[in-house]
Each structure stands twice: as C-alpha cells, then as structure tokens.
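Novice: Sequence and predicted model, in that order:
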Number of protein chains: 2
Amino acid sequence: MTKTDIASRVYNHTWKLDPIVRSLLDTDFYKLLMLQMIWKLYPDVDATFEVINRTKTVRLADEIDEQELRDQLDYVRTLRLTKKELIWLAGNSFYGRVQMFEPEFLVWLSTLQLPEYELSKKDGQFELTFHGKWAEATLWEIPALAVINELRSRAAMRSMGFFTLDVLYARAKAKMWSKVERLRDLPGLRISDFGTRRRHSFLWQRWCVEALKEGVGSAFTGTSNVLLAMDSDLEAVGTNAHELPMVAAALARNDQELAEAPYKILQDWNTLYGGNLLIVLPDAFGTAAFLKNAPEWVADWTGFRPDSAPPVEGGEKIIEWWEKMGRDPKQKLLIFSDGLDVDAIIHTYRHFEGRVRMSFGWGTNLTNDFAGCAPTDTPGLMPISIVCKVSKANGRPAVKLSDNPRKATGEPAEVERYLRFFGSDERIEQPVRV
Amino acid sequence: MTKTDIASRVYNHTWKLDPIVRSLLDTDFYKLLMLQMIWKLYPDVDATFEVINRTKTVRLADEIDEQELRDQLDYVRTLRLTKKELIWLAGNSFYGRVQMFEPEFLVWLSTLQLPEYELSKKDGQFELTFHGKWAEATLWEIPALAVINELRSRAAMRSMGFFTLDVLYARAKAKMWSKVERLRDLPGLRISDFGTRRRHSFLWQRWCVEALKEGVGSAFTGTSNVLLAMDSDLEAVGTNAHELPMVAAALARNDQELAEAPYKILQDWNTLYGGNLLIVLPDAFGTAAFLKNAPEWVADWTGFRPDSAPPVEGGEKIIEWWEKMGRDPKQKLLIFSDGLDVDAIIHTYRHFEGRVRMSFGWGTNLTNDFAGCAPTDTPGLMPISIVCKVSKANGRPAVKLSDNPRKATGEPAEVERYLRFFGSDERIEQPVRV
C-alpha cells in the first residue's frame, strides 16, 4: 500500500510561487568581495546593469512568461540577509582570513534591498535593466541570470511527464558522474563550481556540487555560490570581475585616466584584499594591451584569470610575461574559467602540468549540461550565452572588449573608441557557446 | 545537506491537473452491484441525476472554480476500466461469492464511458446534472460528489503554508486515532468505510482506511470504495441504494404499480443476488409505510439498512416488525449508515448489543472530520450535506421521501403526491449535518 505524506502533497499542488532565488547569499562570492570595495571606495557611483542574451536565436520572451519573470524578480526584491547569514559572513573565514568583511559593511548589507528593475520586450527578447547605486545594482547580476535560466528550464520541462523527467535527471546525473570519473584521473587537480549564473536550476546546482564534493574529494576546492558554501560547509571562492575595470574606465575623465584605469582598480583592490585574492582579470580591454602597459607590481600578484582567450594560448602569453618580468611561473596561479568542459579542463591541465599552479572554475557545463538527456529533443534545455553587464557608470557608457570580439559589450561607437585606444592585438574570434 | 528528488520536485510544480478521481473503481461497490441489475433488467431506461447541496449556506460556486470543476469532470470522462481492474472484478470473490459479475456485464463495462454533464451556476450554487441511459448516468454519483468535495477542500487549503498543512493533518490523524481507540472497546464490533462520496480527499480516505485496518483489526470489515478494496486487499462492501425504488416508483403507470414498486425492485434484486446482499433499504418512501405493506418474504431477507431514522428508534421499529412477523432478530442484521459519529456508533452498539446483529457503515465523519484541526478557522473544511440523486426516469419525476423530511428530494408537487399516497407516519424531522 502506497504511503503519501498528505501535507506535503497538498502543499506541492497548491504552490503559487516556487521561488528560484531564496537568499541574497544565492550569489557568487566575488560579488560580495567587490561589493565591499564598491561600498568603501565608490559609494556614490551610479550604475546601470543590463541583461544581454548573446544567443539571439533563442527568443527568451517567447519561451518565458513575462509575469512569471516579474513574480520571481519581485520575490528577489523581498529578500534581506538573514541573521544566520550575517553571523556566518562575519564569523566564517574566507581564503584563510577571518573578518574578511568589515562590521560596518555588514551592518549596511543587512538592510540592503535590491533596487527596482525595468522590464520590457523587444523582438522576442527581454530588455531587463537595473539602475541605482553601483553598490546596490551590482547584486542583481547573479539572481537575474539564475532566475531567467531556471524559468527557461521550467518552461522547457512543463509538458514533461514524470517518467520523462525521471529519465532526464537520471541521464544528467549519469553524465555528470562520468565527468567526475574523468577528473579523478588528474592528480593535484583543483576545481571549483562557478556555475550559479547559468545553472539549470538551484536544486540541480546543489546536486552537482554535492556530486563533486563526494566524487573528486580534495580536488574540489569550493563553490562560488555563497549559500551552497554555507549550507554544505564548502569554501566560498571567487575574486573579482570585469565590472571593476569597466566602471573605472567609464569614469575616466581623460586618456591618461583611461590608460591607468585597469591598474588603478587593482590598486583599489589591494587596499582591501591580499594573498590568493590578488588575481588579475586581464582581458577587459584585451590581455595584450593590459600586459604591455602593466606596471611592475602587477607581476607580484598571485595569479591571473584569463577569461576569454583560448586557455592554452592565453595561459602561455601570461607565463611568457611572468618570465619576461623575471617571475617564476611555478609560484604563480592561473585560474581558467571560460566555458570549460571536461575535455578543455583535461587538455589545459595536461598542457601546463608542472609549469604553473592551476585552478579551474567550472561553470555552465557543470551546472547546465543536459545535452542528450531529455528523451525527446528539447532545445529549451540547451544553455544560452547570457550575461548581465554594467552598461553605464554615472551616466557614461561602459565597455568591455575582451580577448574574444564576440564577448565585447557596450555601444558600438564606444567599443570602436576603446579599440583605437587599447588596440586590438591578439584578439581571437571564437564561438561563444555559454 | 538536504537531498531532494529533483524529478519529483519538477513534476510537482509543473502539475497542471491533479486528478481527483483516477479510476472508475474509485466508487462505491453498491453502484456496481446496482449497475449490473440495471444493465440486465432496465437497459433501456433513461435517467437524470442531479447534484443537490443541502447546505445552502455554503455557496459552492463561490468556493470552487468552475473551470477546475470542469477539468476534473472531463478527466473522469476519460477514464475506462483498466485490464487489471476488470481481471480483479472477474476473479475476486465478493461477499464470499465468486463470479459476482457476469462475463457479459464485464465486457459491456469495459467499454463504458460516463455520459456528458451539464453544468451552470445559479445563486452561488452549481447546477450539475447527468443525463443518459440509467446504466451510464448512475455511475456519475460518486465521482461527481468526490470531485466537488475535494475541490472544496483544496480551495480551503490553497492559502495554507506548509506548517499549517502539517499541523492540520497531524491533528486530523490524532483525532481519527482517538476514535479508533474508542471503537476498540466494543467487542464484536463490525464497522466499514462508507466515506467515499464526502471524503476530504482521496489520499485522506486512504489514510483513514489504513488506520482503521491497523487500528481495529478484524472489526474493520471492509470499504465501500472498490479501488481501495482492490489496492489494500480489503472486502468491498455495500448493497443497494434509494435510486432503485425511486426509479421503480417513477416508472409506475398507476397506483397499483406505485404501491408495489418498493417490493418489486427487491424481487428484481433477488434474481441476481442473495445471502448478505439481501439488505432492505426501507426508507425511500417512509419506513412505516414500507413495513405496513411489506409482503411476508421481505422478513426472510438478511437485514435492513435504516438510513434516515434516528438509529435507536429506527432499529427498534424494524426489530418490532421482525418479531411481529415471527422472525428472531438475533439472526437478523441491522446496518446503520446515516451520519454516524463515534458517539452514535457506541450508543447504538450498546443499545442493541446481544439483541440483533449489527454493522456500521461509517461515512463523512470518518473521511471528512477536520473540525478543530486547522490552526485558523477554516469553514471550507467543514463537510456539507451534498447528494447526487436520480431526478427523472424516462422523463418522469423521481421522488425520495425518507424518514427525515429534510432529506426528501423531488419536485414539491410530486413529493406531496407521494406523501398522500404512502402517508407520512413516523417521519421525524432531524438536522442533516452530512
């Protein structure tokens, strides 16, 4: 005789909203590190963030119901840090350091509400923007992306029966576990979860994180997801992102300041953080230009995160630069995080093995790889390349060039101006899948 | 770390319809026994059934969404007996008899689809009728009532949070178990579940049936619900209902036939069934009139089911009649089934103990007693007195008088005519709660 928990059953089928993002900590750790710096050094800067779906063939506004999107975004705006979360942020150590967050910052954070959003539809896409103080609008990036990606998954699965869903997840789990088994063969591998923003769903990300924890053991160095780190007793990982140099460049009042912006922002960072958090993200306006003009002290930083060049080529360029600067690459760290799949991880690991310290930040292909898993062809489960980028700072246009022209963002005329200014050496066009 | 079955979770929150009635066997056993007789002896009779909410203060059409009701009724019309169900009906023994159902009947039943329904709203109530061959429309009674009652429960619980629901069911379980403990004290008690039509929900009925099975052991003689009997290896119980004499009377062409109708239909019954199925339901046009005019052979039947007189008074009248007819009540069976709660069961049991065989058919107060269970006052969880009665046979009005004037159904003028014909001796007005 079948037993059913009737209360659970009734609760399940009277659900009105199943919130996707249920905590302000369901975000990437680097957002909090950057936020503290923004709060401290740039408290008066205004910023606008906008969601950009680079996979134009996917008409998001046709797949996702606008009202559902509004309901989820409205729910995010009801979130506040809970007492438990604040105590954990204050009491936990991050990257081996206690009191990473200043008490005054946490007091401010405890009252933070995400600012309003603007949402409309155009040509089958959503136009979704967030405007406010940089220190407030910046936190929208991850929940906005997670909400859109999970609403898209839900829409794709809406018509599936239980059997189909059961097979779908069974195959996805089997697929994920095969990857774990391949990664186990790499001695000394260091890999972490960077998959929050483009995850299939929160529950699936949690499953993947647990699977990695059990499957690769100490090779799994943590998750960028602060909530999962807290709940699963994992390390929260991540450092900084393009929005820092992008805003710094947008705020530059002349060519001199624009040229100095990518380095000035690193100095800002260094006033707050040290050690393993001293990771350079060099590609905002092209890695070649960054390295060419970099001051000596940049070579003293712990490592680089090449995020848009092909990993082997990008890594070699940085190693070459370290050597030119008289530094020993064996003491340095390269963090790879751009669209990695297991093949790329293994190839990159084998290529650099013994020559440099490495770490892999595994994103979309960890938390949203359902290709071939659904019993029937379901395009809505294929991940898309969607980002939420700062587009304006104090009303001035923000630009990212990237090492891959397809990942550039900003108004075309402004992108052209930046390209003339920083040059376009060694930029390599590659398909952007995720 | 919390584990969640993601497939189940996704399935749960993408539910479009959670069907209430999922099998044609989710009905009362007596409907099938009557159906076989109707199919065999009255295949050409047309009948109309209509749902009547006697609790007028509850405005059903305000509480239940009409489209949800239509969706559920439409779903019932998609149901067909499954192969497993047919094999079970053919191979199981009922009341100790094998092959209770003729092979030709089961062949016919296997293709049966319930006829269309007519649904409108008036004064806050639904007007819901079923018209077709008697042999088809009759099967609507139980699913229609179960659907309406469960939709009402669902509406009442829609705004409850998980904690509230958990407490609600915890209290209802505790309450139910207290009843079980009181019933255990009655040696030789025979009690069965008659609660399908007015149940809170299917899952709750199943829980109650399982609780009785485990709690009172052999005192629990079975369930009227055919599906639960099959799934839980219980006896399916039940005999016949008012619709038989009501249709027989409606079809009567003159006073002679009208006077004979209540007894003729019993003779029909006796051509198909015997033994413990020979149970007289005497109150369709008043028990007093029925007994006064009953032929001698009625006293040879196994027992009576007084269904609208107060149990003690009604039982005494029948015992008195048996004694007058020279029968030993100790050999006879009284089945009580009208709005029983535990107090009434115990009182009736104690009153007749040792004088007559007894059995109790426990209905609404078994499967829909949530009074005092919800953490906040929830009138929508209080059961209502709702029935689905035959209103016409071959276009002629059908009437039920009952021993309780408040349970009479039919057009007022026709009720008056029946009252003049059968008399109104010993009818006792009582409140009808369920």
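Specialist: Arrived safely. Residues are numbered from 1 along each chain as shown, chains lettered A, B, ... in the order given.
Novice: got the buried residues for stretch A:98-106?
Specialist: Going by neighbour count (16 or more other CB atoms under 10 Å in any protein chain shown), the buried part of stretch A:98-106 is A:100, A:101, A:105, A:106. All C-beta spots, glycine's among them, are computed from the backbone N, C-alpha and C.
Novice: and the longest helix for chain A?
Specialist: Using DSSP state H to define each element, chain A has its longest helix at helix A:162-183.
Novice: Other residues contacting that helix?
Specialist: Applying CB atoms under 8 Å, 6 or more residues apart in numbering or on different chains, the contact partners of helix A:162-183 are A:157, A:160, A:189, A:191, A:200, A:204, A:207-208, A:211-212, A:215-216, A:219, A:342, A:345-346, A:366, A:369-370, A:372-376, A:381, B:6-8, B:10-11.
Novice: which residues are in contact with the following helix or strand past that helix?
Specialist: For helix A:162-183, the following helix or strand on the C-terminal side (DSSP states H and E) is strand A:191-193. By CB under 8 Å, 6+ apart, the surrounding residues in contact with strand A:191-193 are A:183, A:205, A:208-209, A:212, A:216, A:219-225, A:228, A:235, A:237, A:345, A:359-362, A:366-367.
Novice: let's go with 7 Å and repeat that
Specialist: Residues from elsewhere that reach strand A:191-193 (CB atoms under 7 Å, 6 or more residues apart in numbering or on different chains): A:183, A:208-209, A:212, A:216, A:219-225, A:237, A:359-362, A:366.
Novice: Restricting to C-alpha, output the helix or strand where residue A:52 lies in CSV.
Specialist: Counting by DSSP H and E, the element that carries residue A:52 is strand A:46-53. Listed next in CSV are the C-alpha coordinates belonging to strand A:46-53 (Å, rounded to 0.1, in the frame of the first residue of the first chain):
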residue,chain,number,x,y,z
ASP,A,46,25.6,55.2,-10.1
ALA,A,47,25.4,52.2,-12.3
THR,A,48,23.2,50.5,-14.8
PHE,A,49,23.3,46.8,-15.4
GLU,A,50,21.7,45.1,-18.4
VAL,A,51,20.9,41.6,-19.3
ILE,A,52,22.3,40.6,-22.7
ASN,A,53,21.3,37.3,-24.4
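Novice: for that strand, which positions count as buried?
Specialist: Those would be A:46, A:47, A:48, A:49, A:50, A:51, A:53, for strand A:46-53 by 16+ other CB under 10 Å.
Novice: ok, and does the helix or strand that that strand is followed by reach over to chain B?
Specialist: Next helix or strand after strand A:46-53 toward the C-terminus (DSSP H and E): helix A:60-63. No. Between helix A:60-63 and chain B, judged by CB under 7 Å from any CB of the partner chain, nothing touches; the nearest distance is 14.5 Å.
Novice: Show me what helix A:60-63 is packed up against.
Specialist: Counting contacts by 3 or more CB pairs under 7 Å, 6 or more residues apart in numbering or on different chains; DSSP states H and E, helix A:60-63 is packed against strand A:125-133, helix A:141-157.
Novice: ok, and what's touching it?
Specialist: Helix A:60-63 has contacts (CB under 7 Å, 6+ apart) with A:53, A:121, A:124, A:125, A:126, A:148, A:152, A:155, A:380.
Novice: cool, and stretch A:198-217?
Specialist: Stretch A:198-217 has contacts (CB under 7 Å, 6+ apart) with A:20, A:26, A:145-146, A:149-150, A:153, A:176-177, A:180, A:183-184, A:191, A:193, A:195-196, A:220, A:223, A:225, A:228, A:232, A:234, A:363-364, A:366-368, A:370, A:383, A:386, A:434, B:1, B:4, B:6, B:9.
Novice: buried subset of the residues you listed?
Specialist: Buried subset of these (neighbour count, 16+ other CB under 10 Å): A:20, A:26, A:145-146, A:149-150, A:153, A:176, A:180, A:183, A:191, A:193, A:195-196, A:220, A:223, A:225, A:228, A:232, A:234, A:363-364, A:366-368, A:370, A:383, A:386, A:434, B:6, B:9.
Novice: about what we covered before: just the ones in helices from the contacts of helix A:162-183, please.
Specialist: Residues from those lying in helices, with DSSP H as the criterion: A:157, A:204, A:207-208, A:211-212, A:215-216, A:342, A:345-346, A:366, B:6-8, B:10-11.
Novice: was I right about residue A:76 contacting residue A:143?
Specialist: Yes. Residue A:76 lies in contact with residue A:143 (CB atoms under 7 Å); the separation is 4.8 Å.
Novice: which one of these two has more residues nearby?
Specialist: Per other CB atoms under 10 Å in any protein chain shown, whichever of residue A:76 and residue A:143 has more neighbours is residue A:143, with 27 against 23.
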